[in-house]
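Participant: model this:
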Amino acid sequence: QVQLVESGGGLVQAGGSLRLSCAASGRTFSTYAMGWFRQAPAKERDFVAYITRSGGSTYLADSVKGRFTISRDNAKNTVYLQMNSLKPEDTAVYYCAATSGVGVITKPGRYVYWGQGTQVTVSS
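Facilitator: Next up, the predicted model:
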């Protein structure tokens, strides 16, 4: 069992930055690959970023490439999402999730543990 708790969301102006954190409970954090997703009102939950168990490889959605960075610190049981050059269209609830799958996984159904989400609002 893994419990995930996101933090770091808030209100920011367009062009600004935020860093989201996702703290995991338990001693098995490093055995899971991690992902970030986001969901805007009345829209589906979309893939944002993925990181392997070791943190050695990452994969980003085209919409955030060059602006967002995913990283993890296994000693702290935490995964991060650094978001720069934010746009109003980045406004959403952001979720972190854990998967035991292999390879880059972008579909929400392949993730077994989810956080409660943190709101990010970007004003124009």
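
Participant: identify the residues contacting residue 4.
Facilitator: Applying CB atoms under 8 Å, 6 or more residues apart in numbering to residue 4 gives the contacts 22, 23, 24, 25, 96, 97, 98, 113, 114, 115. Every C-beta, even on glycine, is put in place using the N, C-alpha and C of the backbone.

Participant: partner residues bridging it?
Facilitator: residue 24 (DSSP bridges).

Participant: repeat for residue 121
Facilitator: Assessed by DSSP bridges, residue 121 has beta-bridge partners residue 11.

Participant: tell me, how many residues neighbour the spatially closest residue to residue 17 that is not a sequence neighbour?
Facilitator: Of all residues not flanking residue 17 in the chain, residue 84 sits nearest, at 4.7 Å (CB to CB, 6 or more residues apart in numbering). Residues contacting residue 84 under the criterion other CB atoms under 10 Å number 14.

Participant: go on, residue 10?
Facilitator: Residue 10 has 13 neighbours, counted by other CB under 10 Å.
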